[in-house]
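Engineer: Sequence below, structure please.
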Amino acid sequence: MTAMPQMKSAPDNRTLANALRMLAIDAVEQAKSGHPGAPMGLADIAQVLWNRYLKHNPADPHWPDRDRFILSNGHSSMLLYALLHLSGYALPLDELKRFRQLHSKTPGHPEVGVTPGVETTTGPLGQGLANAVGMALAEKLLAEEFNRPTHTIVNHRTFVFVGDGCLMEGISHEVCSLAGTLGLEKLVAFYDDNGISIDGHVRGWFTDDTPSRFEAYGWRVIRDVDGHDPAAIESAIRTAFKTCGKPTLVCCKTVIGWGAPNKAGSHDVHGAPLGAKEVAATRQALGWAYAPFEIPAQIRAEWDARREGERMQRKWEQRFEVYAGEYPVPAAEFRRRMAGDLPADFDVQANAWMTGVARATEAIATRKASQLAIEALASMLPELLGGSADLTGSNLTNWKASRTVGRNEGGNYVHYGVREFGMTAITNGLALHGGYIPFGGTFLVFSDYARNGLRMAALMRLRSIFVFTHDSIGLGEDGPTHQPVEHAMSLRLIPNMDVWRPCDLLETAVSWRAAVERRDGPTSLLLSRQNLPAQRDDGDRASLAARGGYVLVDAPTGEPDLVLIATGSEVTLAIKAKEILSGQGVSVRVVSMPSTTVFDRQDLAYRRSVLPDGVKRIAIEAGATALWWKYVGLDGAVIGMEGFGESAPASALFPHFGFTAERIAETARLLVHSAHGLS
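Structural biologist: The predicted structure follows:
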């Protein structure tokens, strides 16, 4: 196809939007894979927002006061890639041509850290919306903390595109309800109301009165916006910018696959290429007489946001310099926190804290030990932002100086209500925004509700911290519905997720310190309800525990007949079993392994020094046994749970399920004797 001559006048709104449509169509067609329909339907809304209202600088995707743009319906990824490419981000045309190909910067769903300008990884529907709530919450709290009456250095909006699928997912209720309660005014969501999902017209399974639903949440709702009328879209955005103390939902009526003569408005255009014939027909219908991936210079010039973005950022930086001149301490603190750095004196303070912890001898539940760790860390890290899903008194996630975040006031503690999944995804949004080290708490068994949010935190390598208490059958009388059995093991299966199950106050402090220092992934802390005794410390236990697994008590000669490996509350049982076995002439080493994931990252020499070759091993944990076999080998043994728990006090449950020093000792005796050919 021959390109048309240069345009005689500036391209209009529709032509600019058609550039988005055609880039999406061409990329999906070339990949023979993707979702062209939503980008085609959303192009007019995106064009108005990005060209007239979005505050961003393509040359610096990490400018702190930029607006955040989230594509919650992440299958529409080619819309975002086209926006980033045309507005001037470091996303060349060749990357669009490599859509969905190995190692391209244009994966099938947007991934943070892969594509410049992508704020979060989206695809599992509803979670981008939840991340957006977290980002808007971060903006609100940072503004409360750092802005001054005559200086506004935090003042940006979070925009999110959502589809029917996002709003069908239950997480949308959790997070949008909370957003309304907290009055997150800088959050603006655009609802792509096209009435289509993969299975067809949604009226057969989604008939919610969505505008009324959001009004009930406490949102401002702008109804019945024609999503293909630039004037109507612009009017809605201007209304969304007016102060009202509420987040805004812009309900846009759109046609999926707008512009495709034969497939627009049907599910045929949702998740498959248009096909060569329909692509040609769409080009003709749109009057787009250009070759695939060809964008005329005048259209590119209209889309290019680099000069305006640089101007906006420079203006903000000038304001910030004036602010820093008057308020040097908060200015330096803002810079540090947005960079994700810990305070310069953190190591000194943390080392002093750990020295005090090492001297403690009292028995304490690790959930209480966690609260003491939070108390200490909060005094060192003003960026620590906590919360719990309605279980503060059980999770012990608050601290003396914690202040509840409310609608009209800032704070550092969020009462999430019974919203485990929402809390987890909001925590991820807070971490993505920057300025905070966020954590959220619930019972370990309810990590099931939050599972995909945990996975996304790991996929994005976020500094999100998840506090899971009541970590085993040791929680007692609530019974098998609340007793986690497979949960510790399942969390360890998530790549990049560090999982800690500490045995006492010291290991809990170590795990918390590791969590806040870690910058390349999330951490789950698994904590006991019941009191656990302090283990002895020969002076270097904290540094050894930080390696994930270590020799807690060694055999008298350092050459054991047997190694007992345990975590959490079962470490005490291993120590008692060692005492029994010593009386029977069996030389035993006890290894505490609070974090298998961290231990696995240690060098081979260290791991062999802890778990020597050729020595029988037994792993002990009140949970599913699957992964422990890689530590004990086929000739070892694992003492764990093979089914669900029971409702009874912990003192009855542990012996009922065989978690006794005597059973461990008997298993060990048989194992050692079999190794020597004895009966």
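Engineer: Low-confidence stretches in the stretch 201-350 of the chain?
Structural biologist: The stretch 201-350 of the chain contains no residues with pLDDT under 70.
Engineer: what about the helices in it?
Structural biologist: Assigned by DSSP state H, counting those that start in this stretch, the stretch 201-350 of the chain shows helices spanning 210-217, 230-240, 276-286, 297-303, 306-326, 328-339, 346-358.
Engineer: Can you lay out these as CSV showing distance to residue 665 and mean neighbour count?
Structural biologist: C-beta here means a position set from N, CA and C on the backbone, and glycine is covered the same way. CSV is the format used below for those (distance: least, C-beta to C-beta, whole Å; neighbours: other C-beta atoms under 10 Å):
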stretch, distance to residue 665, mean neighbour count
helix 210-217, 58, 17
helix 230-240, 68, 18
helix 276-286, 73, 16
helix 297-303, 73, 15
helix 306-326, 65, 14
helix 328-339, 51, 15
helix 346-358, 29, 15
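Engineer: Could you dump the ones you listed into a markdown table with distance to residue 159 added?
Structural biologist: Formatted as a markdown table, the helices of the stretch 201-350 of the chain follow (distance: least, C-beta to C-beta, whole Å):
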| stretch | distance to residue 159 |
| --- | --- |
| helix 210-217 | 16 |
| helix 230-240 | 9 |
| helix 276-286 | 26 |
| helix 297-303 | 18 |
| helix 306-326 | 16 |
| helix 328-339 | 20 |
| helix 346-358 | 35 |
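Engineer: To residue 53, which of those helices lies closest?
Structural biologist: Relative to residue 53, the nearest member of the helices of the stretch 201-350 of the chain by C-beta to C-beta is helix 230-240, separated by 5.5 Å.
Engineer: Centre of the chain to that closest one, how far?
Structural biologist: Offset of helix 230-240 from its chain centre (C-alpha atoms, centre = their mean, to the nearest Å): 32 Å.
Engineer: And stretch 488-508, by the same measure?
Structural biologist: Put simply, stretch 488-508 sits 17 Å off its chain's centre (C-alpha atoms, centre = their mean).
Engineer: same deal with stretch 607-627?
Structural biologist: Taking C-alpha atoms, centre = their mean, one finds stretch 607-627 lying 31 Å from the centre of the chain it belongs to.
Engineer: Then stretch 293-300?
Structural biologist: Stretch 293-300 sits 37 Å away from the centroid of its parent chain (C-alpha atoms, centre = their mean).
Engineer: circling back to that earlier point, out of the helices of the stretch 201-350 of the chain, flag the one nearest residue 135.
Structural biologist: Comparing the helices of the stretch 201-350 of the chain by C-beta to C-beta, helix 328-339 comes nearest, at 13.1 Å.
Engineer: Now do that closest one against helix 306-326: the angle between them, please.
Structural biologist: If you take axes from the mean of the first three to the mean of the last three C-alpha atoms, to 10 degrees, helix 328-339 sits at 140 degrees to helix 306-326.
Engineer: Need the contact partners of helix 328-339.
Structural biologist: Residues from elsewhere that reach helix 328-339 (C-beta atoms under 8 Å, 6 or more residues apart in numbering): 64, 142, 145-146, 153, 320, 323-324, 343, 382-383, 434-436.
Engineer: ok, those vs residue 422, which is closest?
Structural biologist: Using C-beta to C-beta, residue 436 is the member of those that lies nearest residue 422, at 17.0 Å.
Engineer: nearest residue to the closest one other than its sequence neighbours?
Structural biologist: Sequence neighbours aside, residue 385 is the residue nearest to residue 436 in space, at 4.3 Å (criterion: C-beta to C-beta, 6 or more residues apart in numbering).
Engineer: related to what we said a few turns ago, what's the closest of the helices of the stretch 201-350 of the chain to residue 187?
Structural biologist: Among these, the nearest to residue 187 by C-beta to C-beta is helix 230-240 (9.6 Å).
Engineer: list the helices and strands that closest one packs on?
Structural biologist: Where contact means 3 or more C-beta pairs under 8 Å, 6 or more residues apart in numbering; DSSP states H and E, helix 230-240 is packed against helix 37-52, strand 220-226, strand 248-253.
Engineer: redo that, cut-off 10 Å
Structural biologist: Using 3 or more C-beta pairs under 10 Å, 6 or more residues apart in numbering; DSSP states H and E, the elements in contact with helix 230-240 are helix 13-31, helix 37-52, strand 187-193, strand 220-226, strand 248-253.
Engineer: Mean neighbour count and distance to residue 402 added to those, as TSV?
Structural biologist: Formatted as TSV, the helices and strands packed on helix 230-240 follow (neighbours: other C-beta atoms under 10 Å; distance: least, C-beta to C-beta, whole Å):
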stretch	mean neighbour count	distance to residue 402
helix 13-31	24	45
helix 37-52	26	37
strand 187-193	26	24
strand 220-226	17	30
strand 248-253	23	30
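Engineer: any chance of these in TSV, plus distance to residue 206?
Structural biologist: Formatted as TSV, the helices and strands packed on helix 230-240 follow (distance: least, C-beta to C-beta, whole Å):
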stretch	distance to residue 206
helix 13-31	25
helix 37-52	16
strand 187-193	11
strand 220-226	17
strand 248-253	14
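Engineer: and the closest residue to residue 81 other than its chain neighbours, what does it touch?
Structural biologist: Nearest residue to residue 81, sequence neighbours excluded (C-beta to C-beta, 6+ apart): residue 106, at 5.0 Å. Residue 106 makes contact with 27, 31, 34, 77-78, 80-82, 84-85, 91, 94-100, 114-115, according to C-beta atoms under 10 Å, 6 or more residues apart in numbering.
Engineer: same deal with residue 368?
Structural biologist: Residue 368 sits next to 396, 469, 505, 508, 527, 528, 529, 531, 532 when contact means C-beta under 10 Å, 6+ apart.
Engineer: Now do it against residue 412, distance only.
Structural biologist: Plainly put, residue 368 is 20 Å away from residue 412 if you go by C-beta to C-beta, to the nearest Å.
Engineer: immediately after the helix or strand where residue 422 lies, which helix or strand?
Structural biologist: Using DSSP states H and E, residue 422 sits within helix 420-433. Downstream of helix 420-433, the next assigned helix or strand under DSSP H and E is strand 437-443.
Engineer: helices and strands around the helix holding residue 422, which ones?
Structural biologist: Packed against helix 420-433 by the contact rule (3+ C-beta pairs under 10 Å, 6+ apart) you find strand 68-71, helix 127-146, helix 170-182, strand 384-388, strand 413-415, strand 437-443, helix 451-460, strand 465-469.
Engineer: and those as CSV, adding mean neighbour count and distance to residue 497?
Structural biologist: Listed next are the helices and strands packed on helix 420-433 as CSV, based on neighbours: other C-beta under 10 Å; distance: least, C-beta to C-beta, whole Å:
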stretch, mean neighbour count, distance to residue 497
strand 68-71, 26, 23
helix 127-146, 26, 16
helix 170-182, 22, 19
strand 384-388, 25, 19
strand 413-415, 21, 22
strand 437-443, 28, 14
helix 451-460, 22, 4
strand 465-469, 27, 9
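Engineer: Compare these and give me the one nearest residue 315.
Structural biologist: Evaluated with C-beta to C-beta, the helices and strands packed on helix 420-433 place helix 127-146 nearest to residue 315, the distance being 17.7 Å.
Engineer: From what I see, residue 596 and residue 488 are in contact.
Structural biologist: Yes. Shown here, residue 596 and residue 488 form a contact pair, counting by C-beta atoms under 10 Å, at 9.4 Å.
Engineer: joint contacts of these two?
Structural biologist: Counting by C-beta under 10 Å, 6+ apart, the residues touching both residue 596 and residue 488 are 499, 501, 567, 621, 627.
Engineer: which pair in these spans the largest distance?
Structural biologist: Farthest pair in those, by C-beta to C-beta: 501 and 627, 12.7 Å.
Engineer: Please identify which of the two sits among more neighbours.
Structural biologist: residue 501 (34 against 16; other C-beta atoms under 10 Å).
Engineer: From residue 485, how far off is that one?
Structural biologist: For residue 501, the distance to residue 485 equals 14 Å [C-beta to C-beta].
Engineer: Chain neighbours aside, what residue packs nearest to residue 319?
Structural biologist: Residue 319 sits nearest to residue 153 (C-beta to C-beta, 6+ apart), 6.6 Å away.
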